[in-house]
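In: Sequence first, predicted model second:
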Amino acid sequence: MQKPRRLVVAITGASASRYGVRLLEALREAGVETHLIISRWAEANLLQESSYTPDYVRSLASQVHGDGNLGAAVASGSFRTDGMAIVPCSMKTLAAIATGLTDNLVARAADVTLKEGRKLVLAPRETPLSAIHLENMLKLARLGVAIMPPVPAFYGRPQTLDDLVDHFVGRVLDRFDVEHNLYRPYTGGGES
């Protein structure tokens, strides 16, 4: 697999910011340049759900852009990236992307990713899903967006919560062809 040169990573206000933090750590370990956008509600959830601080999360990125800064480099298609991952992705953010409402930098950077034909991965974190959520996801999936809810996999026999997080983050990295050792791929099983 070939390493991407540059990725945009956004962490929004949905629960499970731990996935976004681990994604940044893994991208840093892989030597990928990252451009982070973290919303204020993501920061609030981070403090409520984990022992991570916003400063620690920012320190993982190559560059940090304020969510209100629509003049940031990642808001332009001429700023070349290999794509964007929004992990986790709130339903508000998903709806904004699905409708082209680019009133913050996360939505604008996602809009740019779409219009430039780059890879876009969304990790929506909500349950149960309403018909509105599903319609927005379907609309984006039809545009080529990878909709990846952080659903745990058990074939690798996870022993800890970190194992479950690593498996999901590894699957996100797979979408961008980033080499990693976060999970053991499924090799089949059983007899027919």
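Out: Yep, it's here. Numbering: from 1, shown residues only.
In: Just the buried positions in the helix-or-strand element of the chain with minimal mean pLDDT, please.
Out: Using mean pLDDT, DSSP states H and E, the weakest-scoring helix or strand in the chain turns out to be helix 40-49, at a mean of 95. Judged by neighbour count using 16 or more other C-beta atoms under 10 Å, the buried positions of helix 40-49 are 41-43, 45-46. Glycine gets a C-beta too; all of them are placed from N, C-alpha and C.
In: same check, this time on stretch 115-123
Out: Buried residues in stretch 115-123, defined by neighbour count with 16+ other C-beta under 10 Å: 118-123.
In: and what of stretch 53-69?
Out: Buried residues in stretch 53-69, defined by neighbour count with 16+ other C-beta under 10 Å: 54, 57, 60-61, 64-65, 67.
In: Over to stretch 123-130?
Out: Neighbour counts over stretch 123-130 (16+ other C-beta under 10 Å) mark 123-125 as buried.
In: tell me the contacts of the residue nearest to residue 99 when sequence neighbours are not counted?
Out: Spatial nearest neighbour of residue 99, chain neighbours left out: residue 136 (7.9 Å); criterion: C-beta to C-beta, 6 or more residues apart in numbering. Going by C-beta atoms under 8 Å, 6 or more residues apart in numbering, residue 136 touches 91, 94-95, 98-99.
In: Can you tell me the SS state at residue 88?
Out: Three-state call for residue 88 (DSSP: H, G, I helix; E, B strand; the rest coil): strand.
In: Report the contact partners of it.
Out: 11-12, 14-17, 19-20, 123-125, 150.
In: Let me have the residues you listed in JSON lines, extended by distance to residue 71, secondary structure and pLDDT.
Out: Formatted as JSON lines, the contacts of residue 88 follow (distance: C-beta to C-beta, whole Å; DSSP: H, G, I helix; E, B strand; the rest coil; pLDDT from 0 to 100):
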{"residue": "11", "distance to residue 71": "21", "secondary structure": "strand", "pLDDT": "98"}
{"residue": "12", "distance to residue 71": "20", "secondary structure": "coil", "pLDDT": "98"}
{"residue": "14", "distance to residue 71": "26", "secondary structure": "coil", "pLDDT": "95"}
{"residue": "15", "distance to residue 71": "30", "secondary structure": "coil", "pLDDT": "93"}
{"residue": "16", "distance to residue 71": "30", "secondary structure": "coil", "pLDDT": "94"}
{"residue": "17", "distance to residue 71": "26", "secondary structure": "helix", "pLDDT": "95"}
{"residue": "19", "distance to residue 71": "28", "secondary structure": "helix", "pLDDT": "97"}
{"residue": "20", "distance to residue 71": "23", "secondary structure": "helix", "pLDDT": "98"}
{"residue": "123", "distance to residue 71": "27", "secondary structure": "strand", "pLDDT": "98"}
{"residue": "124", "distance to residue 71": "28", "secondary structure": "strand", "pLDDT": "98"}
{"residue": "125", "distance to residue 71": "29", "secondary structure": "coil", "pLDDT": "95"}
{"residue": "150", "distance to residue 71": "32", "secondary structure": "coil", "pLDDT": "96"}
